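Trainee: Show me how the following folds:
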Amino acid sequence: MNGGGGVEGRSPGSPEPGCLPRLSWSDWDILVNVGNFFTLESVFVAPRKGIYSFSFHVIKVYQSQTIQVNLMLNGKPVISAFAGDKDVTREAATNGVLLYLDKEDKVYLKLEKGNLVGGWQYSTFSGFLVFPL
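Mentor: Next up is the predicted model:
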């Protein structure tokens, strides 16, 4: 991957009720973390300038609620995903994006709205270098 690394994580579940402002590795099973560019605080830190691909899939587990998940770049939202169908128990909020990142830019997920009690076990977050610049 030309020194760009890659990561994918899956959450095993969250015992605590309530909203999580940002996911942390204590909430995730690390499946792949080539280059260790994903921190223990669940932040992807770009090792070099380039074009990166990110995707996430987050599952809500309760009816009558909406979730909103943002992919954040250096503290600012870049893309969002929503799940809010009140007629289903489980629903996915999913999105993906290609981003131009400078070295040491930081990318992470933030739960803006909703509650994912017990739902992290079905959620994933992936990022990798597509093209170095």
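
Trainee: give me the low-pLDDT residue ranges for this protein?
Mentor: Along the chain, the model assigns pLDDT under 70 to residues 1-30, 62-63, 116-120.

Trainee: Swap in 80 and give it another go.
Mentor: For the chain, the stretches flagged by pLDDT under 80 are 1-31, 40-41, 60-65, 84-90, 115-122.

Trainee: any idea how far the residue in it sticking out farthest from the centre is from residue 67?
Mentor: Taking C-alpha atoms, centre = their mean, the residue of the chain most remote from its mean C-alpha position is residue 87, at 25.3 Å. From residue 87 across to residue 67, the span is 15 Å (C-beta to C-beta, to the nearest Å). For every residue, glycine as well, the C-beta is placed using N, CA and C.

Trainee: swap in residue 54?
Mentor: 18 Å.

Trainee: Ok, residue 108 next?
Mentor: With C-beta to C-beta as the criterion, residue 108 and residue 67 are 16 Å apart.

Trainee: what do you get for residue 84?
Mentor: Residue 84 sits 7 Å away from residue 67, going by C-beta to C-beta.

Trainee: and what of residue 123?
Mentor: Taken as C-beta to C-beta, the span from residue 123 to residue 67 is 10 Å.

Trainee: and what of residue 73?
Mentor: Taking C-beta to C-beta, one finds residue 73 at 20 Å from residue 67.

Trainee: Show me which of the two is the more surrounded one.
Mentor: Each of residue 73 and residue 67 has its neighbours counted (other C-beta atoms under 10 Å); residue 67 has more, 24 against 21.

Trainee: quick one: the more buried one and residue 115 touch, right?
Mentor: Yes - counting by C-beta atoms under 8 Å, residue 115 is a contact partner of residue 67 at 7.4 Å.

Trainee: what residues does stretch 92-100 touch?
Mentor: With contact meaning C-beta atoms under 8 Å, 6 or more residues apart in numbering, stretch 92-100 is reached by 50-60, 67-69, 71, 73, 78-83, 107, 130, 133.
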